[in-house]
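**Student:** turn this into a model:
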Amino acid sequence: MLVATGLVLAVVAWVVLFRLPREGLWTRTWVVAPLLIAYSTLALALDDRLGSTLGPVTPVEVGAGLAVGGAWLVATHVGHLVLCRLVPGFLAQVNDLYAIRDRSRPWSMVGAVVVMAVAEEMLFRGVVQGGTGLLVAVAAYTLVQAVEGKWALALAALLGGVVWGFLFWWRDGLVAPAVAHVLWTGALTFLWPLRGCAAPDPAEERAAAARRPAAPSPTAQEAM
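**Tutor:** Numbering: from 1, shown residues only. Take a look at the predicted model:
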């Protein structure tokens, strides 16, 4: 019951975040993420799993999160370079996601990115994976991204859910996956964005062609 309620709450949260106008996304995040954290804390406490799920806060756990988060960050960039060359439309989806960032002030995003990453780990790893297992947690984390309507985001959630899920299982606590998730999301958003693919983006090429003025037709004298 606690897991099912959490999943319903997640769907509602993603609808509020991504189906409303983008202009208020970060403000809505500051409302949605604390609610997810509060529910996850309550659910874990009612299930008598709060202490064991959070796990110890130690340099070892933080270091494990930084190491795995950094490795997954590099792997994400490698995967991006491959997909944007091979899959039509992939780069356009990535660029559209970055448009959310580009229209916002950095100070309004930093805290929201951190608190949302923590909220996702508490709900999907702590409540869902801790209650039903890795496969259900990864599937739920992936499917909820369908609300946004971009398969690139769902793919990132699928692969990221596997990474964070195995890290949660390996370290037996939320500290390492939360640190890894914050590092990965923060770096991709602010420090090392997914750019620089050499393959042309078909959507961008079409937009550029539409912006170019049409060549003037030759006059009768020029034609002679």
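
**Student:** right, and Gly130 touches Leu50 too?
**Tutor:** No: taking contacts as Cβ atoms under 8 Å, Gly130 lies outside contact range of Leu50: 10.3 Å. For every residue, glycine as well, the C-beta is placed using N, CA and C.

**Student:** so between these two, which is more surrounded?
**Tutor:** Higher neighbour count among Gly130 and Leu50: Gly130, with 22 against 15, using other Cβ atoms under 10 Å.

**Student:** can you tell me the closest non-neighbouring residue to the more buried one?
**Tutor:** Nearest non-adjacent residue to Gly130, counting by Cβ to Cβ, 6 or more residues apart in numbering: Thr53, 5.4 Å away.

**Student:** contacting residues around the one you found?
**Tutor:** By Cβ atoms under 8 Å, 6 or more residues apart in numbering, the contact set of Thr53 is 44, 126, 130, 173-174.

**Student:** closest one of the residues you listed to Trp107?
**Tutor:** Nearest to Trp107, judged by Cβ to Cβ, of these is Leu174 at 26.8 Å.

**Student:** counting neighbours, what do you get for the closest one?
**Tutor:** Burial of Leu174 is recorded as 26 neighbouring residues (other Cβ under 10 Å).

**Student:** separation between it and Trp184?
**Tutor:** Distance of Leu174 to Trp184, computed by Cβ to Cβ, to the nearest Å: 15 Å.

**Student:** any regions of the protein where pLDDT drops low?
**Tutor:** The chain contains residues with pLDDT under 70 at 102, 104, 196-224.

**Student:** and the helix or strand hosting Val62, what other elements does it pack with?
**Tutor:** Here Val62, judged by DSSP states H and E, is contained in helix 59-86. If you count contacts as 3 or more Cβ pairs under 8 Å, 6 or more residues apart in numbering; DSSP states H and E, helix 59-86 packs onto helix 90-102, helix 151-171, helix 175-186.
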